[in-house]
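Enquirer: here is my input; please provide its structure:
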Amino acid sequence: MKIVIIGGTGLIGTKVVNNLRARGHDVVAASPSSGVNTFTGEGLAGVLTGTQVVVDVANAPQWDDKAVLEFFETAGRNLLAAEAAAGVRHHVALSIVGADRLPASGYLRAKVAQENLIKASKVPFTIVRSTQFFEFVKGIAQSATEGQTVRLSPGMMQPIAADDVAAAVTDVAVAEPVNGTVEIAGPEPIRMDEFVRQFLSTTGDARKVNTDVHAQYFGAELNDQSLVPGPGDKPRLGPTHYKDWLKRSSLQKPA
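Expert: Modelled structure (predicted):
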């Protein structure tokens, strides 16, 4: 089966490409560097010829509110139109758990807009909503750092390893479309401030975490329901525990 991975050279895309190739599929890792640009439409018709499944794990190059919305809407329209023309049978997109619960975040509003385009298209689809990745922890800490203090919300999250995200996306890509949303998360919840505190401790980082209920994430204040699956969502849980990921991660070095 021919499967095109949009964003196939990124963190998740690379892993999905490798997983699908290991299963014997004809996989194309598509990105602007390979001549495929969903925002401009360049290369889409050619790469989608004979394609049965498209997996979109691309991210926006800029994250300010206007630019990120324009990216996901324009790229989404271009990609879905090209898929419909090529007869693609399954569109898989990676999104974010809780995106519709944080309208104050311009980035998450853009992801909801992307989801709505997918739902309105004629291409059969599956949206995979994931919680935050373990691999985001260093960036979360850096974005919240003021001097030697890291100011973070105690909002609950249920982060997941990137390998487990890729495994779930891989399974969805080779399954039948559900024309709906599936959710994935890590095996246990943890508060955001504690998530980062454990990372800093493990890596020997001297910064201190200051808990602040008003600290923002992606431009929005969090509560304990913002970033975790809902009680009736029945998410697929990744097997990797955060403490085990920290032990073996290449991030185990002083920041």
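
Enquirer: tell me where the stretch 1-150 of the chain has helices.
Expert: 11-22, 44-48, 65-86, 106-120, 137-143 (DSSP state H, counting those that start in this stretch).

Enquirer: grab the nearest non-local neighbour of Gly198.
Expert: Small correction: residue 198 is Gln, not Gly. Leu246 (6.6 Å; C-beta to C-beta, 6 or more residues apart in numbering). C-beta: built from backbone N, CA, C; applies to glycine.

Enquirer: pretty sure that neighbour is in a helix, no?
Expert: Yes. Residue assignment for Leu246, taken from DSSP: H, G, I helix; E, B strand; the rest coil, places it within a helix.

Enquirer: would you mind measuring from it to Phe195?
Expert: Leu246 is 10 Å from Phe195, where distance means C-beta to C-beta, to the nearest Å.

Enquirer: which of the two has more residues huddled nearby?
Expert: Neighbours per residue (other C-beta atoms under 10 Å) separate Leu246 from Phe195, with Phe195 holding more: 22 against 17.

Enquirer: for the more buried one, helix, strand, or coil?
Expert: Here Phe195 takes the helix state, with states given by three-state DSSP.

Enquirer: residue contacts, it?
Expert: Counting by C-beta atoms under 8 Å, 6 or more residues apart in numbering, Phe195 touches 137, 140, 157, 159, 242.

Enquirer: which one of those residues sits closest to Ala30?
Expert: Set against Ala30, the nearest of the contacts of Phe195 by C-beta to C-beta is Pro159 (27.5 Å).

Enquirer: for the closest one, what are its contacts?
Expert: Pro159 is in contact with 131-134, 136-137, 185-186, 190, 195, 242, counting by C-beta under 8 Å, 6+ apart.

Enquirer: make it 10 Å
Expert: Contacts were defined as C-beta atoms under 10 Å, 6 or more residues apart in numbering; by that measure Pro159 touches 130-137, 140, 185-190, 192, 195, 227-228, 238, 240, 242, 245.

Enquirer: quick check: Val68 vs Ser226, distance?
Expert: On the measure of C-beta to C-beta, Val68 and Ser226 end up 19 Å apart.
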